[in-house]
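Below: sequence and its predicted model.
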Amino acid sequence: MRIIGSSGTQITESNITQLAKNNAERLTDSSNIKILDELNKNTDQLAERLRGFIRDQVTAFKKKGVVLGVSGGIDSAVALTLCVQEFGKENVYGLLLPEKESAPSSKILGAEICESLGVTYEEVPISPIIESLGIYEKKEQVIKRTCPEYDARIHKTSLVLPDFLNQGLLNVPHIRLIKDGETVGKYRLRANDYLELIGLQGVKQRSRMLVQYMYAEQMNYVVCGTTNKTELVLGQFVKYGDGGVDLEPLADCYKTQIYALAKHLRVNEEIIKRPPSADTWSHYTPDEEFYWRMPMHIIDQLLYAKEHKLPLEVTEKNTGLTRDTIEKSWRHFDRVKDTTEYIRAAPPVFYLGM
């Protein structure tokens with residue numbers, strides 16, 4: 001994933017560290033900081049800077065407009081709205097990219113926001129791509145090995161991890177079976193089966209990006225990404241999938257800030273109220289149940305406090321968590337960041353003469 005700053009410079013690990021240091025120095029009286037207030041302030045200025053960034057990058061690429069995958073989620077809704085405000089509806093093209101396990105509301109809400117903004121859009125189902133690779137069949141084989149009672153005709157499935165705040169460092173993934181909206185079974189996944197499922201699920205995001213670039217190149221447009229800072233720090237995106245884009249305007253905005261932007265931009269209230277999810281399982285699984293393992297407002301405050309090196313007592317006051325839980329969370333973030341570093345890294349390039 002290539003991240004570009006508002007000045008047009010590429011953001012590297014050292015840049016991020018220096019920015020965090022500078023920001024920490026500006027926080028002169030950290031004992032009185034209210035983290036959520038910090039995250040939610042100056043939203044109008046933030047929107048203006050984001051529009052300027054999008055304009056500068058599209059101009060630098062010498063492209064005519066923007067293609068964007070519209071998922072019905074809050075990130076793509078905010079990015080789409082900013083693009084339309086900057087370039088006009090005639091220079092933005094929306095793509096609805098459902099597959100057979102997508103929630104029906106994803107397509108409905110995606111179409112609604114495109115129509116409300118006057119954006120031309122097209123629905124391109126990616127199920128044929130996924131089926132051609134046998135992804136659904138292979139996924140069912142893993143689930144059947146794990147869940148003896150699984151019946152695709154009556155069960156929906158999701159992948160979940162233990163709640164971090166209640167179960168701590170336990171990091172054991174489970175397949176959950178749902179029948180008629182109720183959980184009827186929960187089965188622990190073996191490590192190899194978990195890795196196989198993650199690899200199979202990643203094909204969905206990579207298939208969507210394949211379609212987006214097909215359209216972008218035909219139209220001489222850029223592909224705009226929708227990854228936010230919470231996702232970026234935790235490696236919550238697929239390399240060469242939703243991470244394989246031309247620009248990432250939201251990558252320095254925590255998820256909490258995305259919600260503030262959505263309200264400022266008057267995004268559809270149904271989208272704002274919808275729990276965020278990758279939407280790749282037959283049962284709609286919120287990010288809080290798998291990626292984050294804690295409520296959004298808590299994880300963003302913890303990440304913000306860690307980035308700005310806020311004292312433990314200030315973090316305790318803001319989050320309501322114990323010192324021990326905060327320290328465990330920060331160690332957990334470090335481990336996740338280390339294990340997902342390869343996702344954020346550009347591929348190493350060999351140069352003659354090095």
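Everything's here; your move.

secondary structure class for I272?
Counting by DSSP: H, G, I helix; E, B strand; the rest coil, the backbone at I272 sits in helix.

pretty sure it contacts Y259?
Yes. With contact defined as Cβ atoms under 8 Å, I272 counts as touching Y259 (6.6 Å). The C-beta positions use only the backbone N, C-alpha and C, and glycine is treated the same way.

In terms of neighbours, single out the busier of these two.
Using other Cβ atoms under 10 Å, the more surrounded residue of I272 and Y259 is Y259, with 22 against 15.

With A47 as the reference, measure out to that one.
Y259 sits 13 Å away from A47, going by Cβ to Cβ, to the nearest Å.

now do R208
In terms of Cβ to Cβ, R208 sits 26 Å off from A47.

Over to G181?
G181 is 38 Å from A47, by Cβ to Cβ.

So between these two, which is more surrounded?
A47 (18 against 7).

so where's the stretch 51-200 of the chain uncertain?
Flagging of the stretch 51-200 of the chain using pLDDT under 70 yields the residue ranges 168-170.

which residues in it form strands?
With DSSP state E, counting those that start in this stretch as the criterion, the stretch 51-200 of the chain has strands at 66-69, 92-96, 120-123, 156-160, 174-179, 182-188.

next one: the stretch 201-350 of the chain
Under DSSP E, counting those that start in this stretch, the stretch 201-350 of the chain gives strands at 222-223.

Was I right to think R208 contacts Y240?
No. R208 lies out of contact with Y240 (Cβ under 8 Å); the separation is 11.1 Å.

With neighbour numbers in mind, choose between those two.
Ranked by neighbour count (other Cβ under 10 Å), R208 and Y240 place R208 first, with 22 against 14.

list the contacts for that one?
For R208, the contacting residues are 69, 95, 97, 126, 241-242, by Cβ atoms under 8 Å, 6 or more residues apart in numbering.

What separation do you get for it and S127?
With distances taken as Cβ to Cβ, R208 is found 12 Å from S127.

Next, show the common contact partners of those two.
Joint contacts of R208 and S127 (Cβ under 8 Å, 6+ apart) do not exist.

Pull out the buried positions in the longest helix seen in the chain.
Across the chain, the longest stretch assigned as helix under DSSP state H is helix 191-219. For helix 191-219, a neighbour-count test (16 or more other Cβ atoms under 10 Å) marks 193-194, 196-197, 200-209, 211-213, 215-216 as buried.

Could you check the angle that helix makes with strand 92-96?
If you take axes from the mean of the first three to the mean of the last three Cα atoms, to 10 degrees, helix 191-219 sits at 140 degrees to strand 92-96.

roughly how far out does helix 191-219 sit from the chain middle?
On the basis of Cα atoms, centre = their mean, to the nearest Å, helix 191-219 sits 14 Å off its chain's mean C-alpha point.

and the angle from it to strand 174-179?
Using the same axes, to 10 degrees: helix 191-219 against strand 174-179 is 80 degrees.

How many residues are close by T285?
By the criterion of other Cβ under 10 Å, T285 has 23 neighbours.

before we move on, back to that, closest one of the contacts of R208 to Q301?
Distance to Q301 across the contacts of R208 (Cβ to Cβ) is lowest for D242, with 24.8 Å.

pLDDT score assigned to the closest one?
On the pLDDT scale, D242 is placed at 92.

can I assume it is in contact with G225?
Yes. In this structure, D242 is within contact of G225 by Cβ under 8 Å, at 6.8 Å.

So for M294, which of the strands of the stretch 51-200 of the chain sits nearest?
M294 lies closest to strand 156-160 among the strands of the stretch 51-200 of the chain, at 13.1 Å (Cβ to Cβ).

pull the CA atoms of that closest one into CSV?
Output of strand 156-160 as CSV, limited to C-alpha atoms (Å, rounded to 0.1, in the frame of the first residue of the first chain):
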residue,chain,number,x,y,z
LYS,A,156,-25.0,-19.0,8.0
THR,A,157,-21.4,-18.7,9.2
SER,A,158,-19.0,-16.1,10.6
LEU,A,159,-15.4,-16.0,11.8
VAL,A,160,-15.0,-14.6,15.3
